[in-house]
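> Requesting a structural model of the entry that follows:
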Amino acid sequence: MLTFRRALVAAAFFLTIFYLISSSSSNPPSPTTLAVPKADADVETAKHASTTGVTDKSSSGANTAQQNPQGQRPIQDMSRMTLYEKLAYQFPYDVESKFPAYIWQTWKWTPAHGEFNFRDQEATWTQQHPGFIHEVITDKVAVHLIRLLYASVPEVVEAYNALPLPVLKADFFRYLILLARGGIYSDIDTYAIRSAVEWIPDSVPKDAIGLVIGIEADPDRPDWKEWYSRRIQFCQWTIQSKPGHPVLREVVTRITNATLTMKRNGTLRGVIDKNVIEFTGPALWTDVIFEYFNDKRYFDMTHSAGSIDWKNFTGMEVSKRVGDVVVLPITSFSPGVGQMGAKEYDDPMAFVKHDFEGTWKPESERHIGENK
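Numbers count the residues shown, from 1 in each chain. Predicted structure coming up:
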């Protein structure tokens with residue numbers, strides 16, 4: 001039976017709940033703008049857990065974090081944005097987030113197909129990364145995935161569809177998937193020797209790093225231009241990134257703009273295999289990374305001894321950190337090649353083995369320069 005005292009207690013309870021609800025809803029969290037504090041541009045050698053490397057140049061304590069706005073972001077009119085701004089809006093970068101547990105690879109067929117010939121290589125990525133989502137994306141699936149992820153940026157979808165060569169699309173896809181979703185991309189002809197958990201040195205906080213790259217080529221020889229596009233060339237057959245990283249944003253912007261310009265001019269069909277390295281491959285990738293290292297929007301260059309260039313990375317044997325990027329030595333992604341200072345597969349810094357199949361190239365052009 002509802003007594004007067006019980007009725008009074010119930011009324012007080014409901015009034016209290018109503019007050020708490022009304023007071024909390026009257027003060028919603030205000031959206032903030034994306035903060036991009038500058039990072040220290042000095043290159044520091046990072047001591048890896050499995051090496052005896054020592055710190056070469058210490059950081060001046062600059063904050064490398066690029067904060068994501070907390071709470072709900074305001075809706076913005078994208079019609080007046082540049083492509084770079086659209087990508088920044090759609091795929092914001094939060095360096096303090098975790099590296100997504102994705103592994104992305106591409107090939108003509110999935111591992112379930114009878115003509116899939118890379119089962120041994122593909123399996124190592126799953127074995128070394130239990131708990132990761134591992135996807136081998138076919139060309140047909142890639143088209144639909146790009147349409148889904150970049151529906152709000154139709155010029156990117158148009159550029160992807162317009163690329164005339166499969167290798168161009170394969171290059172573009174790796175940048176696109178990492179920009180939108182993050183994780184690890186690695187070519188289908190690679191073996192995972194060690195887990196990506198070991199790629200970043202223990203001395204470097206993972207919430208201060210958003211991109212992990214390796215050196216592909218360090219040709220200390222007079223005729224290096226006959227074999228490689230850059231004196232130091234960064235590898236893009238294996239990349240680890242958090243979503244929205246500015247390097248990926250810039251690469252996607254350049255490829256999209258260049259592709260659409262050539263399409264309008266009627267010159268896109270003239271792109272041939274030999275143009276790939278400069279158009280979408282490691283030459284473009286390397287150029288954008290070096291420009292990022294020297295970009296005053298992201299790095300405080302006031303106390304820098306000079307521009308960061310190939311001389312900062314030639315001959316390196318342990319990891320180096322530049323702001324929010326960890327650069328791995330050539331041994332990490334190219335062990336056992338027998339040149340340019342690369343060590344063997346059992347070296348503590350050997351993380352990925354690449355078979356250098358170069359399946360998009362004619363047989364006569366594969367493995368060039370390896371035995372010179």
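> now the strands for the chain?
For the chain, the strands identified by DSSP state E occupy 39-40, 44-45, 102-106, 133-137, 183-186, 190-192, 211-217, 233-234, 238-241, 299-300, 320-322, 325-328, 352-354, in order along the chain.
> So what would you say the end-to-end distance of stretch 236-246 is?
Start-to-end span of stretch 236-246 (CA to CA, to the nearest Å) is 16 Å.
> Quick one: mean pLDDT for that stretch?
Predicted confidence along stretch 236-246 averages 98 (mean pLDDT).
> re earlier: so which of the strands of the chain gets nearest residue 154?
Across the strands of the chain, the minimum distance to residue 154, taken as CB to CB, is reached by strand 133-137, at 20.7 Å. Any C-beta I mention is one placed from the backbone N, CA and C, and that applies to glycine too.
> Could you measure from residue 307 over to residue 99?
Here the criterion is CB to CB, to the nearest Å. By it, residue 307 lies 29 Å from residue 99.
> quick one: which of those two has more around it?
Comparing residue 307 with residue 99 by other CB atoms under 10 Å, the one with more neighbours is residue 99, at 22 against 12.
> The more buried one and residue 292, how far apart?
Shown here: residue 99 relative to residue 292, a distance of 18 Å by CB to CB.
> show me what contacts residue 103?
125, 126, 129, 132, 133, 134, 135, 183, 184, 186 (CB atoms under 8 Å, 6 or more residues apart in numbering).
> Check residue 184 too.
Each residue near residue 184 by CB under 8 Å, 6+ apart is listed here: 102, 103, 104, 125, 196, 238, 239, 240.
> Could you do residue 199 as well?
Applying CB under 8 Å, 6+ apart, we find residue 199 in contact with 212, 240, 326, 328, 332, 351.
> ok, so of those residues, who is nearest residue 342?
Where the contacts of residue 199 are concerned, and distances follow CB to CB, residue 342 has its nearest neighbour in residue 332, at 9.2 Å.
> Kindly provide the distance from that closest one to residue 245.
In this view, residue 332 and residue 245 are 19 Å apart by CB to CB.
> now swap in residue 144 and tell me
24 Å.
> cool, residue 349 as well?
Per CB to CB, residue 349 is found 23 Å from residue 245.
> Distance check, residue 183 against residue 129.
The spacing between residue 183 and residue 129, counted by CB to CB, is 10 Å.
> More neighbours: which of the two?
In this comparison of residue 183 against residue 129, neighbours counted by other CB under 10 Å, the higher total goes to residue 183 at 22 against 18.
> Surely the more buried one touches residue 101?
Yes. Taking contacts as CB atoms under 8 Å, residue 183 lies within contact range of residue 101: 6.9 Å.
> Mutual contacts of these two, please.
With CB under 8 Å, 6+ apart applied, the overlap between the contact sets of residue 183 and residue 101 consists of 132, 133.
> give me the low-pLDDT residue ranges for the stretch 151-300 of the chain?
Along the stretch 151-300 of the chain, segments meeting pLDDT under 70 are nowhere present.
> Which parts of it are helices?
Taking DSSP state H, counting those that start in this stretch, the helices of the stretch 151-300 of the chain run over residues 154-162, 166-181, 246-265, 276-279, 282-293.
> contact partners of the longest one?
Around helix 246-265, the neighbours that count as contacts under CB under 8 Å, 6+ apart are 83-84, 87-88, 91, 93, 155-156, 158-159, 162-163, 172, 175-176, 178-179, 211, 241, 268, 271, 279-280, 284-285, 288-289, 291-292, 298, 325.
> run the last query once more with 6 Å
The contact list for helix 246-265, computed with CB atoms under 6 Å, 6 or more residues apart in numbering, reads 83-84, 87, 155-156, 159, 162, 172, 175, 178-179, 211, 268, 280, 288-289, 292.
> Only the buried members of the residues you listed: can you turn that into a PyMOL selection?
Once 16 or more other CB atoms under 10 Å is used to decide burial, the buried members of the contacts of helix 246-265 can be selected in PyMOL as follows:
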select buried, resi 83+84+87+156+159+162+172+175+178+179+211+268+280+288+289+292
